[in-house]
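# quick one, fold the following:
(2 chains)
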Amino acid sequence: MKIIIAGAYAIGTHLAKLLSRDHEDITLIDSDEERINSIGGELDLLAMKASPTSVRALRETGVAGADLFIAVTPDENLNMTACVLAKAMGAKKTVAKIDNHEYIEPEQQEFFAKLGISSLIYPEMLAGQDINNGLKMSWVRQRWDVHGGALVMLGIKLREGCEILNQPLKDLCGPDDPYHVVAIKRGGETIIPGGNDSLQLYDLAYFMTTKQFIPYIRKIVGKEHYVDVKSVMIMGGGATAVRAVKTMPEYMDVKIIDTDEARCNHLNDIIDNSRVLVINGDGRDIPLLIDEGIKSTQAFVALTGNAETNILACLTAKRLGVRKTVAMVENIDYVPMAESLDIGTIINKKVIAASHIYQMMLDANVMNVRFLMSANADVAEFIPQEGAKITKKPVRELGLPNGMTIGGLVRDGVGMLVSGNTMIQAGDSVMVFCHDVNMKKIEKMFI
Amino acid sequence: MINLKIIYKIVGSLLFIEMALLMVCLGVAIGYGESDTTAFAVSVGVTGLAGLVLRLFAHDCDNTLSRRDAYLVVTLTWVIFSLFGMLPFIISGYITDVTDAFFETMSGFTTTGASIIDNIDNYPHGLLFWRSLTQWIGGLGIVFFTIALLPSLVGGSVKVFAAEATGPIKTKLHPRLSTNAKWIWVVYIVITVLCLGALCAVGMDLFDSVNYAMVTAATGGFATKSSLVLFTPEVQYVIMFFCFISGINFTLLYASVSRRSIKMLFGSAEFKFYFFLVSAISAFITVELMWKNGYGLEHAVRSAVFHVVSFITTTGLINDDAGKWPHVTWVALAICMFFGACSGSTSGGLKCIRGVMLLKTLKNEFKKILHPNAVLPLRIDGMNVPNDKRLTLLSFLTVYLILSLVCSFTMIAAGIDSTNSITITLSCLGNVGPTLGLEIGPTMSWSILPDYAKWICTVLMLIGRLEIFTVLVIFTPEFWKES
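You can find the predicted model right below:
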């Protein structure tokens, strides 16, 4: 598959990293030599120094035969122009990153498709959705719906109240249990658990389950006393904050704290909502936070442009008794550090955007997939072919390699969990979790 | 600085328009063959001549209109229109005193509808028609009328429009001001014609129908008969309805009618407030009338709603002697006078939109005590009102109150009954018309006021009609400073 990425900025390089592991045929275009050099030496791809809107350069990259053209420079106009050109020159599918929420409205999609832009991504919008997902289920670190919700993956931090600590998983996840622990993050280490592993205090455990058993999971991990988030404090009134507030559920009260008075006034112009109170001040000013009732607030979301500020503000909020904190950390290197500091949800727009593009390809069945998450575990979706090795025996007898587990499968659109006795059939969509395993080895089982 | 020549030119041209209007009245007078024919003929001549002279003064003028010129021209236009508009009254001899005549004409153009005429029934048809016509022209504004008619005449018409338009927030239907003005005029004419048709249909004769249709649409309130015989219940309902309609923002009215959406009408915060005020105060007065005065239900409702609508739209027509009502109803009616109807309509007063904004400001202030750092929005129909507009609003209210206080004080000092003094002030500032009180009843004329009180009233009417700042700015030293 031939993929062209325009713009070697954070999203572009992250995406290139994800894709190059799949041995796709990737060309990365950027007009800046320095950026091109740094990425070209690191990854297995063709890096070209050219303007994404240069017709000649596009022709040279072979855009006519490209399956996918992705424009992710910071400039939305450049992205859209590049996509229009690429489509006209023969690219099959184009994706542009934009900064305008108007473009993303569903009724505009056809119009943009006509222009030559097949899909649009608006990272702030995606980040806003992620924030809201985190706030809606405050006891969950990460939630991921597979196959439109047929299967649900929940990342949960285990604390004292958890009922299933220190027991071998083989005793817990019997064939009839409605969940499956697919990965554990303990300290900095990722474990793909086998039957003899057990969950321990302060683990971050990833559960695979179906929608109706979410309340059951909540009960066994001892998070039933977690109050629902009814009031939220947001620090930093940028575009991400606006998107998050606009899509927030009706029952949440929001206070947005921003240091810039002009921005505060502008926020009042664009957010027409009586549940929102805009406050001019510094989110690090503790007396102000206490004045504004941080002690009766259930969630603190730090969304300034500065990762350090966000992390520190979240820590302060935690100390003041806020249970759920969300920090936007744009510096990818800081993400593990922030996680180790016990900040609830980390938002990184670049990773979210890159992952979204990746997922878009997945949904369109463009390729068989691998999907990277902050857990540092790979999630792969495989569709076994007729007569593949994996369809011949029940899962128990397959002798799966260490560091690999099957999370669940989707058969005829219905999500189901996999136990030792399950027989996988050709045509199922199987979710495989693995860490440090050669993908080729796994792939062989499905062919 | 002040470009006198362009002011001469504009005022001169406007006088030609006034001449044309007087000629219409001359036609009416000739048609009825009454004693006022000569008066109108002379007035036409004098006005035309004055216009001509002014145009001569404006010979090869520089066609740029600065902001100062615009404010000056608007104020002067209203004064000069009233000056020439009083000629027919004086020449015909029906009003002998200049003070009275000027008061009457200004009351006409500003759509106040307060009258110093005691014996209106002996007036010839021409003069009666002229009185109604002044209100009809003044309803939307003299200059606004000209913008629609002769867009090229007023060069910097946007500035002029800003000086004359009512309400704190200006809305536009069309990118071009003159087209905009034409559409607003279409709305106005449609209301007038429908009202005329409805009045004829319920049995009023043509001449009275025309007059009442004009003063209703303009929310003016000059009557053609001193008795209330004309006002059958049907007529009252018709006038009530059209007054209410004329009190709605014309732009909103046009948009709702053209989209046939009553929802859109009720989506406007200003309209909701207007509707709420009318319903609430009407209900209160109805109860009062039934309880204290023993009115029947229909009669009480009809009188209450008629008065409330008439006062809140600043029309000032009356169907009953409110002087005999419980005094607390006067307070309720004074509240109506103070608020007025919607901005962008023909009514006067503070305007409901300012009422809405003030209430929201109050709410914000209370919130601000609890959240001292909060930046609070003041949203009107989803739009956030910027801070400087909020300040303007508060200054407007302050000036409005100061003017009311000073004038009430002066009136009381002049020995007028205190209730009358307050309502006279509100009536003039809000361009309402009648006054409530022990000395002068709502059905009586204002002729017993001393001369200087009449002049104060005249000035107040103009200030009120042009939304205070337009007139007052001319009296600031800053206005006359070079550069």
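# does residue A:419 really touch residue A:395, like I thought?
Yes. With contact defined as CB atoms under 8 Å, residue A:419 and residue A:395 form a contacting pair (7.2 Å). Using the backbone N, CA and C atoms, a C-beta is placed for each residue, glycine as well.
# where do the helices of the stretch 151-300 of chain A begin and end?
In the stretch 151-300 of chain A, the helices defined using DSSP state H, counting those that start in this stretch lie at A:169-172, A:214-220, A:239-246, A:261-270, A:286-291.
# quick one: closest of those to chain B.
Of all the helices of the stretch 151-300 of chain A, it is helix A:261-270 that lies closest to chain B, at 3.4 Å by CB to the nearest CB.
# now residue A:96: which helix or strand?
Remark: residue A:96 resides in strand A:93-97, with elements defined by DSSP states H and E.
# packing partners of that strand?
strand A:68-71, helix A:76-88, strand A:119-121, helix A:349-363 (3 or more CB pairs under 8 Å, 6 or more residues apart in numbering or on different chains; DSSP states H and E).
# ramachandran angles for residue A:236?
Per-residue torsions, residue A:236: phi 90, psi 110 (degrees, to the nearest 10).
# with residue A:324 instead?
For residue A:324, the backbone dihedrals (degrees, to the nearest 10) come out as phi -110, psi 120.
# pLDDT score assigned to it?
Per-residue pLDDT puts residue A:324 at 88.
# for it, give me its contacts.
Residues counted as contacts of residue A:324 (CB atoms under 8 Å, 6 or more residues apart in numbering or on different chains) are A:134, A:135, A:138, A:229, A:298, A:299, A:300, A:344, A:345.
# re earlier: highest mean neighbour count across the helices and strands packed on strand A:93-97, which stretch is it?
Compared across the helices and strands packed on strand A:93-97, strand A:68-71 shows the largest average neighbour count, a mean of 30 (mean count of other CB atoms under 10 Å in any protein chain shown).
# mind listing what that strand pairs with, with the direction of each?
strand A:2-6 (parallel), strand A:93-97 (parallel) (DSSP bridges).
# can you list the helices of the stretch 151-300 of chain A in TSV and add distance to residue B:335, mean neighbour count and mean pLDDT?
Output for the helices of the stretch 151-300 of chain A, formatted as TSV (distance: least, CB to CB, whole Å; neighbours: other CB atoms under 10 Å in any protein chain shown; pLDDT from 0 to 100):
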stretch	distance to residue B:335	mean neighbour count	mean pLDDT
helix A:169-172	73	16	76
helix A:214-220	56	15	85
helix A:239-246	39	23	91
helix A:261-270	31	17	90
helix A:286-291	38	15	90
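# can I get those helices in a markdown table including distance to residue B:288?
Listed next are the helices of the stretch 151-300 of chain A as a markdown table, based on distance: least, CB to CB, whole Å:
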| stretch | distance to residue B:288 |
| --- | --- |
| helix A:169-172 | 77 |
| helix A:214-220 | 60 |
| helix A:239-246 | 48 |
| helix A:261-270 | 42 |
| helix A:286-291 | 47 |
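# mind checking which of these is nearest residue A:20?
helix A:239-246 (28.1 Å; CB to CB).
# with adjacent residues omitted, what lies nearest to the most centrally placed residue in chain A?
By CA atoms, centre = their mean, the mean C-alpha position of chain A lies nearest to residue A:352, the distance being 4.7 Å. What sits nearest to residue A:352 in space, not counting adjacent residues and going by CB to CB, 6 or more residues apart in numbering or on different chains, is residue A:126, at 4.9 Å.
# helices or strands up against whichever strand or helix holds that neighbour?
Assigned by DSSP H and E, residue A:126 belongs to helix A:123-136. Secondary-structure packing of helix A:123-136 (3+ CB pairs under 8 Å, 6+ apart): strand A:142-146, helix A:239-246, strand A:299-302, strand A:324-328, strand A:345-347, helix A:349-363.
# just checking: what are the partner strands of the fourth one?
Strand pairing for strand A:324-328, determined by DSSP bridges: strand A:299-302 (parallel), strand A:345-347 (parallel).
# got a list of what the residue nearest the centre of chain B touches?
Centroid check for chain B by CA atoms, centre = their mean gives residue B:111 as the closest residue, at 3.7 Å. Residues near residue B:111 by CB under 8 Å, 6+ apart: B:135, B:138, B:139, B:218, B:219, B:220, B:221, B:314, B:346, B:348, B:431, B:465.
# equivalent analysis for residue A:36, please.
Residues in contact with residue A:36 (CB under 8 Å, 6+ apart) are A:8, A:28, A:30, A:47, A:48, A:49.
# scan those residues and report the most crowded one.
The member of the contacts of residue A:36 surrounded by the most neighbours (other CB atoms under 10 Å in any protein chain shown) is residue A:28, with 28 neighbours in all.
# residue A:264 contacts residue B:375, correct?
Yes. With contacts counted by CB under 8 Å, residue A:264 reaches residue B:375, the gap being 3.7 Å.
# got a pLDDT number for residue B:358?
pLDDT, read off for residue B:358, is 92.
# what's the helix or strand hosting it in contact with?
Using DSSP H and E, the element containing residue B:358 is helix B:352-370. The contact list for helix B:352-370, computed with CB under 8 Å, 6+ apart, reads A:277, B:167-169, B:269-271, B:273-274, B:277, B:339-343, B:374, B:376, B:378-380, B:385, B:390, B:393-394, B:396-397.
# hey, which helix or strand in chain B has the poorest pLDDT?
Every helix and strand in chain B was compared by mean pLDDT, DSSP states H and E; the lowest is helix B:157-164, with a mean of 68.
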